[in-house]
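Participant: Kindly generate the corresponding structure for this input.
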Amino acid sequence: MRINVQEYQSILEKSFSRAEAALLKQRPSQVAREIKDACDVVFASKTQAYREVLPGCLLIRITDMNKNIRLPYISLGASAFSGRSLDEKVINPLLQAKSVPCSRGPYLSVFRRKVKFDETTRPGLKDQLGYDAFLYMLEVVENEVDREVLITILDYILYRFVLLREQARVELIRLERVSLSQYKFLISGLLARSSGGFFPFVLVLAMVETIVQHFSMPWVIEFQGINVADKPSGAGGDIMVKEEGKILLTIEVTERSVDASRIQATFRHKIAATTIPDYVFLVHLERIGEEAKRQAEKYFTQGYDVNLVDIQE
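Facilitator: A predicted model of the protein is given here:
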């Protein structure tokens with residue numbers, strides 16, 4: 001069987017991106033309770049091979065339902081597939097690139113010598129309960145004919161891999177020096193990732209607090225949680241800079257586009273209502289329309305400091 005590397009890579013990478021986004025939102029793909037229970041056993045097993053072959057089996061089932069996902073060696077028959085080629089060219093490189101704890105390859109350890117994923121392989125394994133849970137997952141996959149359901153299961157399995165990565169102990173090295181180009185690379189990478197507004201907010205807050213500490217400013221920095229509505233909390237924006245209880249600057253950090261109506265609403269309900277002297281939208285300027293920019297300039301000419309600043313700069 002010829003491995004369609006690009007097709008498999010595309011499906012796997014898109015699924016992994018959805019899995020990472022699901023972890024940030026704490027909303028994994030919805031699958032049956034039995035599948036979750038089986039994954040609990042498989043991902044708790046010391047035999048990494050059980051979980052590492054699952055994505056490949058799902059990819060095969062998603063792309064060609066005529067293949068037998070229990071036959072991972074092409075010598076086992078016309079309906080078999082090459083599990084090792086799929087793992088070495090697609091699965092393992094992605095897991096390595098995403099810093100997911102994994103082995104060198106399941107077909108180099110447990111599943112060698114033309115084994116089949118069935119009961120005949122069970123007697124020679126150390127963790128037989130983990131293997132039973134693995135077989136249950138295969139049974140679910142091979143009985144499913146709806147491609148979208150299979151993709152949902154793949155998303156959930158990759159979510160468990162992402163969760164495994166987050167639970168792993170990672171040694172961090174303190175950098176003694178960071179160049180401007182390295183800062184640019186780091187910040188650009190963080191801002192490019194989908195985080196529900198978390199990374200932009202943390203970067204801006206860190207910048208403001210660093211300025212205050214470095215110059216020993218007599219300012220107090222107040223902020224609220226991500227996606228917390230300003231009105232109920234009484235805040236004028238995401239970050240407020242105060243001195244002796246007086247607001248000096250309010251910052252709204254957003255990944256979403258800002259249109260003219262939003263600027264008008266902000267002016268009415270926050271700036272004019274609470275006499276905020278300086279209000280800054282830290283945004284991706286390429287997402288801001290000309291009408292919104294003209295509205296901000298209009299308020300500025302009327303004596304209100306309403307500014308749109310590119311968050312990257």
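Participant: For the helix or strand containing Ala292, enumerate the helices and strands it packs against.
Facilitator: Using DSSP states H and E, Ala292 falls within helix 290-301. On a contact count with 3 or more CB pairs under 8 Å, 6 or more residues apart in numbering; DSSP states H and E, helix 290-301 meets helix 260-266, strand 305-310. From N, CA and C alone the C-beta is placed, and that goes for glycine too.
Participant: of those, which approaches Met217 most closely?
Facilitator: With CB to CB as the criterion, Met217 lies closest to strand 305-310 of the helices and strands packed on helix 290-301, at 18.4 Å.
Participant: Now do Ala292 against Leu285, distance only.
Facilitator: 10 Å (CB to CB, to the nearest Å).
Participant: my bad, Thr63
Facilitator: Taking CB to CB, one finds Thr63 at 41 Å from Leu285.
Participant: and what of Phe43?
Facilitator: Distance from Phe43 to Leu285, by CB to CB: 43 Å.
Participant: Could you save the helices and strands packed on helix 290-301 as a markdown table and add columns showing mean neighbour count, distance to Val115 and mean pLDDT?
Facilitator: Converted to a markdown table, the helices and strands packed on helix 290-301 look like this (neighbours: other CB atoms under 10 Å; distance: least, CB to CB, whole Å; pLDDT from 0 to 100):
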| stretch | mean neighbour count | distance to Val115 | mean pLDDT |
| --- | --- | --- | --- |
| helix 260-266 | 17 | 59 | 82 |
| strand 305-310 | 15 | 56 | 80 |
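Participant: for these, which one sits closest to Arg193?
Facilitator: Taking the helices and strands packed on helix 290-301 one by one with CB to CB, strand 305-310 is closest: 17.6 Å.
Participant: what helices or strands is the closest one leaning on?
Facilitator: So strand 305-310, by 3+ CB pairs under 8 Å, 6+ apart, packs with strand 278-283, helix 290-301.
Participant: Centre of the chain to it, how far?
Facilitator: Mean-position distance between strand 305-310 and its chain equals 29 Å (CA atoms, centre = their mean, to the nearest Å).
Participant: neighbouring contacts of that strand?
Facilitator: The contact list for strand 305-310 (CB atoms under 8 Å, 6 or more residues apart in numbering) reads 258, 263, 266-267, 271, 277-285, 288, 292-293, 296, 299-300.
Participant: Generate a ChimeraX selection restricted to the buried entries among these.
Facilitator: Listed next is the ChimeraX selection for buried residues among these, using 16 or more other CB atoms under 10 Å:
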select :258,263,266,267,271,279,280,281,282,283,284,288,292,296,299
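Participant: The stretch 1-150 of the chain: helices as residue ranges?
Facilitator: 5-25, 33-44, 48-52, 54-63, 83-86, 92-97, 128-143, 147-167 (DSSP state H, counting those that start in this stretch).
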